[in-house]
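attaching a predicted model along with its sequence, questions to come.
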Amino acid sequence: MLYRNRITIARWTLWVLLLTAALVLQATVFNRLPLLGAIPQLIPVAVVCVAMMGSAETGAVVGLIGGLMSCLGGDALVFVIPILAFAGALTGGLCSIYFTRSLLPALLLGLGALLLCAVPTWLLQWYLGHAPLSALWHVVAPEVLISLVYTLPLYWLSWRISLLGRQ
């Protein structure tokens with residue numbers, strides 16, 4: 001019993017460190033060096049990759065942690081917290097029942113999470129008059145596509161962490 005709790009605590013600690021590293025990279029490195037004019041959003045992709053390795057409850061907690069980290073890091077609006085919690089719960093539930101825990105579902109679910117985060121943010125900015133309609137294609141689409149490139153390393157890291165303690 002104690003060994004299993006140690007492994008679970010170690011696994012969660014490493015997953016939170018993975019989310020923290022994604023936030024630091026997103027807020028410092030990629031914020032200063034945009035790729036093709038777009039800043040990659042690593043937190044939604046990291047939430048999906050970690051949520052795939054657990055259940056719906058695990059995904060919801062990871063999404064909540066990722067959303068709080070994004071907002072406290074000053075990189076997202078407040079409504080991203082429930083969106084990421086929903087995306088994590090949906091990902092964990094779908095991967096527990098329907099999908100395999102492989103790269104293709106990670107790409108598809110990561111795309112969904114990125115769109116769930118980016119489109120409402122753009123809609124709010126468009127409604128307030130801060131973003132034109134063309135920003136959807138010139139900003140949101142490249143941001144989503146470039147963010148999907150980072151699914152492979154984030155998926156691999158979260159998969160390796162999930163194997164911790166299994167023989």
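Good, I have the coordinates.

what stretches of this structure score poorly on pLDDT?
By pLDDT under 70, the weakly predicted segments of the chain are 1-3, 167.

swap the cut-off to 80 and go again
1-4, 34-37, 73-77, 131, 133-137, 139, 165-167 (pLDDT under 80).

what strand or helix carries Val144?
helix 141-149 (DSSP states H and E).

for that helix, buried residues please.
Of all the residues in helix 141-149, those buried under the rule 16 or more other CB atoms under 10 Å are Pro142, Glu143, Val144, Ile146, Ser147, Leu148. In short, each C-beta sits where N, CA and C put it, glycine included.

what is the subsequent helix or strand relative to it?
On the C-terminal side of helix 141-149, the closest following helix or strand by DSSP H and E is helix 151-162.

now the helices for the protein?
Using DSSP state H, the helices of the chain run over residues 2-24, 30-32, 42-51, 56-72, 80-97, 103-128, 135, 141-149, 151-162.

winner for burial among those?
When the helices of the chain are scored by mean count of other CB atoms under 10 Å, the highest mean neighbour count falls to helix 42-51 (a mean of 32).

between that one and helix 151-162, how many degrees?
Interaxial angle of helix 42-51 relative to helix 151-162 (axes from the mean of the first three to the mean of the last three CA atoms, to 10 degrees): 40 degrees.

what packs against helix 42-51?
Under the contact definition 3 or more CB pairs under 8 Å, 6 or more residues apart in numbering; DSSP states H and E, helix 42-51 sits against helix 2-24, helix 56-72, helix 80-97, helix 103-128, helix 141-149, helix 151-162.

would you turn the ones you listed into CSV with distance to Cys49?
Formatted as CSV, these follow (distance: least, CB to CB, whole Å):
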stretch, distance to Cys49
helix 2-24, 8
helix 56-72, 9
helix 80-97, 9
helix 103-128, 6
helix 141-149, 12
helix 151-162, 4
